[in-house]
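*Asks:* Sequence isn't available, so here's the structure alone:
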């Protein structure tokens, strides 16, 4: 009381591999959040798989399962030698731990966090993303574009990745909202990868 | 609001193996949806089996279980050498992730998605299907024929597969609804297979 | 509406092994239904056992468990060399998938479906049965005899197996209801077996 704490206010200067900035919203406004993933070596196959925390609702829990499958299949095509998920267990958490969260719109961020973790490649803290992902890597539209863009800018984000089907929502925003932000629009997950890891983009051609 | 987004509007130009177009309806109208399946190699038999996502209700969850059994038995008769389900785990998802879905009418589409996945054969995006399937491959009638046909045409579908017991429902549709659509009526699953994979139809004689 | 579709109207001309015709009823009337079972070879013992689908209530789920035990014990006495349940997983389904079902009266039909599956012997589609079974093979009375007999005749059934304790219910039916139907009354499961598989009846003496 008297000292408001903004959700997500504690930010990373450099994101460790496995962490990506997502965007959420509700009727009160938008916020940025971090999808955090870490891996632990596991010798026994029955211990592999993914554990999740962060007060996720049923839809979001299913999103983590979809994201795990998409990430493993994408990585297998991208770099067949990468056996990270074959000998690690993964833990995915979305702070803050007491805040209930739900919905499918963190899909592409979850996939990206997992690929970042497995490949050891960091993601820029000035990049945020939102979009539902399907099992075959299609990116479906989400709600709250205006609120999410405002939250992204408040968090110092300069580049956002949005579903192609939300392009009209973005284009119709007032100029003062969409100023100072670069938006990319995607319809397939491999386009997300190419934006997030531009130095690897050629490599990802294989996985298309 | 004012800018309706039709569920499943983001479509495939070519469907990857494992994906098939289904048809759903409720009191508000019909829609097409994609049954998506992907497989992942698994060395350990305890990791095999099928994981499902997509906010499915109890009846639909049972449908996935029935479809998995029917697909495995059909494939074993069709091509005894195909050991896909013996060394892969399968994930089935029905976007959109936040939309609750239920009912048994995606049965034949689920079986077809799994057979497509295991055999590596793609399905035409202009073909859609609806019908409950039983454990022995009988195809039972479904509801919402009118709404589903309208949704199929809106999605660019030109051929539909319907249960034989729904033939009268289709025949009684106004001409403007059933124009531009070819309907096949089936009472056993092997008839679905012969329509979906015509070049393989001779092979399927074995599995009747 | 105006065009009633009777549940289970899509019938078999020849029943595959593992399928038997049961009889159900509620306050609106009776219906016939199919108990469907299929087996899949399983090398690993932890994958064996029985999976069930068909929106069964708690009592019916317990019935499937009782029937599985009774069938395995009966088969072991009948034909000690039959190792079907030792190297197959079983799936039992009762269409239609969206119709909730409950009660113990499908007991003898479930046992019979499983024995048919394991022995590879088909059951006549003109034969239907209803009766609760206990773990030691006793057959207990059921409700809705009148509604079930009417449903059996509508489905083209000519022979029914009923619990001995329901004989008076049957005898008291009007002649026009019980005409054209042969009823057998049983108090132990082995009597069911002898009626269903008459050519095997001598063999079953061993299991009494």
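*Replies:* Nice, thanks for sending it over. Here the structure is a predicted model, which means the values were calculated and not measured.

*Asks:* all contacts plus neighbour counts: C-alpha atoms, from now on.
*Replies:* Fine.

*Asks:* quick one, longest helix in chain A?
*Replies:* If you go by DSSP state H, chain A has its longest helix at helix A:58-78.

*Asks:* so does it get close to chain B?
*Replies:* Yes - under the criterion of C-alpha under 8 Å from any C-alpha of the partner chain, chain B is reached by helix A:58-78 at A:58, A:59, A:62, A:63, A:65, A:66, A:69, A:73.

*Asks:* Neighbour count, distance to residue C:185 and pLDDT for those residues - can I get that in TSV?
*Replies:* Shown next, in TSV, are the residues of helix A:58-78 next to chain B (neighbours: other C-alpha atoms under 10 Å in any protein chain shown; distance: C-alpha to C-alpha, whole Å; pLDDT from 0 to 100):
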residue	neighbour count	distance to residue C:185	pLDDT
A:58	17	51	95
A:59	20	52	96
A:62	23	52	96
A:63	30	55	97
A:65	24	53	96
A:66	29	54	97
A:69	22	55	96
A:73	20	59	94
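
*Asks:* Kindly indicate which of these lies nearest residue B:158.
*Replies:* Of all the residues of helix A:58-78 next to chain B, residue A:66 has the smallest distance to residue B:158: 30.3 Å, by C-alpha to C-alpha.

*Asks:* How many neighbouring residues does residue A:176 have?
*Replies:* Residue A:176 is flanked by 8 other residues according to other C-alpha atoms under 10 Å in any protein chain shown.

*Asks:* Pretty sure residue A:31 sits in a strand.
*Replies:* Yes - using DSSP: H, G, I helix; E, B strand; the rest coil, the secondary structure at residue A:31 is a strand.

*Asks:* Not counting its neighbours along the chain, what's nearest it?
*Replies:* For residue A:31, ignoring the flanking residues on the chain, the nearest one in space by C-alpha to C-alpha, 6 or more residues apart in numbering or on different chains is residue A:151 at 4.9 Å.

*Asks:* Surely the one you found is in a helix?
*Replies:* Yes - counting by three-state DSSP, residue A:151 is part of a helix.

*Asks:* pLDDT score for it?
*Replies:* pLDDT, residue A:151: 96.

*Asks:* so it makes contact with residue A:26?
*Replies:* No - the criterion here is C-alpha atoms under 8 Å, and residue A:151 misses it with residue A:26 at 11.6 Å.

*Asks:* Looking at these two, which one has more neighbours?
*Replies:* In this view residue A:151 and residue A:26 are compared by other C-alpha under 10 Å, and residue A:151 has more residues nearby, 20 against 12.

*Asks:* for chain A, what are the low-confidence residue spans?
*Replies:* Within chain A, the stretches with pLDDT under 70 are A:1-12, A:45-46, A:201-208.

*Asks:* Could you tell me which residues of it lie near chain B?
*Replies:* Within chain A, the residues that sit near chain B (C-alpha under 8 Å from any C-alpha) are A:58-59, A:62-63, A:65-66, A:69, A:73, A:103-104, A:132, A:134-136, A:138, A:140, A:165, A:187.

*Asks:* the helices in chain A, which residues?
*Replies:* Taking DSSP H, the helices of chain A run over residues A:58-78, A:107-119, A:145-154, A:167-171, A:175-178, A:189-196, A:201-204.

*Asks:* any idea how far the most centrally placed residue in chain A is from chain B?
*Replies:* Chain A has residue A:109 as the residue nearest its centroid, 1.1 Å off, counting by C-alpha atoms, centre = their mean. Separation of residue A:109 from chain B (C-alpha to the nearest C-alpha, to the nearest Å): 15 Å.

*Asks:* Ok, residue A:83 next?
*Replies:* 13 Å.

*Asks:* That residue: neighbour count?
*Replies:* For residue A:83, the number of neighbouring residues by other C-alpha under 10 Å comes to 14.

*Asks:* now swap in the one 4 residues further on and tell me
*Replies:* Residue A:87 has 17 neighbours, counted by other C-alpha under 10 Å.

*Asks:* these two touch, right, it and residue A:41?
*Replies:* Yes - using C-alpha under 8 Å, residue A:87 is in contact with residue A:41, at 5.7 Å.

*Asks:* Just name the closest of the residues of helix A:58-78 next to chain B to residue B:98, please.
*Replies:* Here the nearest of the residues of helix A:58-78 next to chain B to residue B:98, counting by C-alpha to C-alpha, is residue A:59; it sits at 5.8 Å.

*Asks:* ok, for the closest one, nearest residue in space, not its chain neighbours?
*Replies:* Closest to residue A:59 by C-alpha to C-alpha, 6+ apart is residue A:103, at 5.3 Å.

*Asks:* same deal with residue A:58?
*Replies:* Spatially, and ignoring its direct neighbours in sequence, residue A:58 is nearest to residue A:102 (7.1 Å; C-alpha to C-alpha, 6+ apart).

*Asks:* tally of neighbours for the one you found?
*Replies:* Residues within reach of residue A:102, counting by other C-alpha under 10 Å, total 17.

*Asks:* what sits against it?
*Replies:* A:56, A:57, A:58, A:59, A:60 (C-alpha atoms under 8 Å, 6 or more residues apart in numbering or on different chains).

*Asks:* Same check on residue A:37?
*Replies:* Counting by C-alpha under 8 Å, 6+ apart, residue A:37 has contacts A:18, A:19, A:90, A:91, A:92, A:93, A:113, A:114, A:117.

*Asks:* Can you say which of those residues are buried?
*Replies:* Buried members of the contacts of residue A:37, scored by 16 or more other C-alpha atoms under 10 Å in any protein chain shown, are A:18, A:19, A:90, A:91, A:92, A:93, A:113, A:114, A:117.

*Asks:* Switch these over to a markdown table; also include distance to chain C.
*Replies:* Output for the buried ones among the contacts of residue A:37, formatted as a markdown table (distance: C-alpha to the nearest C-alpha, whole Å):
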| residue | distance to chain C |
| --- | --- |
| A:18 | 36 |
| A:19 | 38 |
| A:90 | 26 |
| A:91 | 28 |
| A:92 | 30 |
| A:93 | 33 |
| A:113 | 34 |
| A:114 | 31 |
| A:117 | 34 |
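
*Asks:* how about CSV for those, with distance to residue B:194 added?
*Replies:* Listed next are the buried ones among the contacts of residue A:37 as CSV, based on distance: C-alpha to C-alpha, whole Å:
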residue, distance to residue B:194
A:18, 46
A:19, 48
A:90, 43
A:91, 45
A:92, 44
A:93, 47
A:113, 42
A:114, 40
A:117, 44
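
*Asks:* sorry, back to before: from the contacts of residue A:102, which two are the most distant?
*Replies:* The distance between the two most remote of these (C-alpha to C-alpha) is 8.0 Å, for A:56 and A:59.
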